[in-house]
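**Student:** Attaching a predicted model along with its sequence, questions to come.
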Amino acid sequence: MKLYNKIIFILFLGAGLFLRAEEPPLPPGGGGGVGPGAPASPVDMYVYVLAIVALALIAYYQRKVQKNLI
C-alpha cells in the first residue's frame, strides 16, 4: 500500500511539473496605463462568505461524524 501511495504521489507531482502553464508574455512598448486593473479573481468579493460557509460545513460534518462514532 505504501508503494502504491508513493507511485500516485510521484504521478501527481510529475503531472504538476509538466503541465504547468507558462507565464504570459509582457506587453510590447511602454508601460501602458496606470489604473488598478482587473480584480485578481471574480470571487474576490465573496472570499469572506466562502470562508464562513466552509467553516460551517466543517463544523456540521464534524458533529455528524462524532454522533455516528459514539
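**Tutor:** Yep, it's here.
**Student:** how about low-confidence regions in this structure?
**Tutor:** By pLDDT under 70, the low-scoring segments of the chain are 20-21, 30-43, 69-70.
**Student:** how about the helices in it?
**Tutor:** Along the chain, counting by DSSP state H, helices occupy 2-18, 47-69.
**Student:** would CSV of those with mean neighbour count and distance to Gly29 be doable?
**Tutor:** Just so you know, the C-beta spots here come from the backbone N, C-alpha and C atoms, and that holds for glycine as well. Listed next are the helices of the chain as CSV, based on neighbours: other C-beta atoms under 10 Å; distance: least, C-beta to C-beta, whole Å:
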stretch, mean neighbour count, distance to Gly29
helix 2-18, 9, 33
helix 47-69, 10, 34
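**Student:** measure Leu57 to Leu50 for me?
**Tutor:** Per C-beta to C-beta, to the nearest Å, Leu57 is found 11 Å from Leu50.
**Student:** now do Phe12
**Tutor:** For Phe12, the distance to Leu50 equals 25 Å [C-beta to C-beta].
**Student:** before we move on, the earlier item: tell me which of the helices of the chain sits nearest to Pro25.
**Tutor:** Nearest of those to Pro25, taken as C-beta to C-beta: helix 2-18 at 20.9 Å.
**Student:** The closest one packs against which elements?
**Tutor:** Using 3 or more C-beta pairs under 8 Å, 6 or more residues apart in numbering; DSSP states H and E as the contact test, no helix or strand touches helix 2-18.
**Student:** In CSV, could you pull the C-alpha coordinates for that helix?
**Tutor:** Only the C-alpha atoms of helix 2-18 are listed here, as CSV (Å, rounded to 0.1, in the frame of the first residue of the first chain):
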residue,chain,number,x,y,z
LYS,A,2,2.9,2.4,0.8
LEU,A,3,4.4,1.7,-2.6
TYR,A,4,1.0,2.5,-4.3
ASN,A,5,0.8,5.8,-2.4
LYS,A,6,4.3,6.8,-3.5
ILE,A,7,3.6,6.0,-7.1
ILE,A,8,0.4,8.1,-7.0
PHE,A,9,2.3,10.9,-5.4
ILE,A,10,5.1,10.8,-8.0
LEU,A,11,2.5,10.8,-10.8
PHE,A,12,0.7,13.8,-9.5
LEU,A,13,3.9,15.7,-8.8
GLY,A,14,5.1,14.9,-12.3
ALA,A,15,1.9,16.0,-13.9
GLY,A,16,2.0,19.2,-11.9
LEU,A,17,5.6,19.9,-13.2
PHE,A,18,5.0,19.0,-16.8
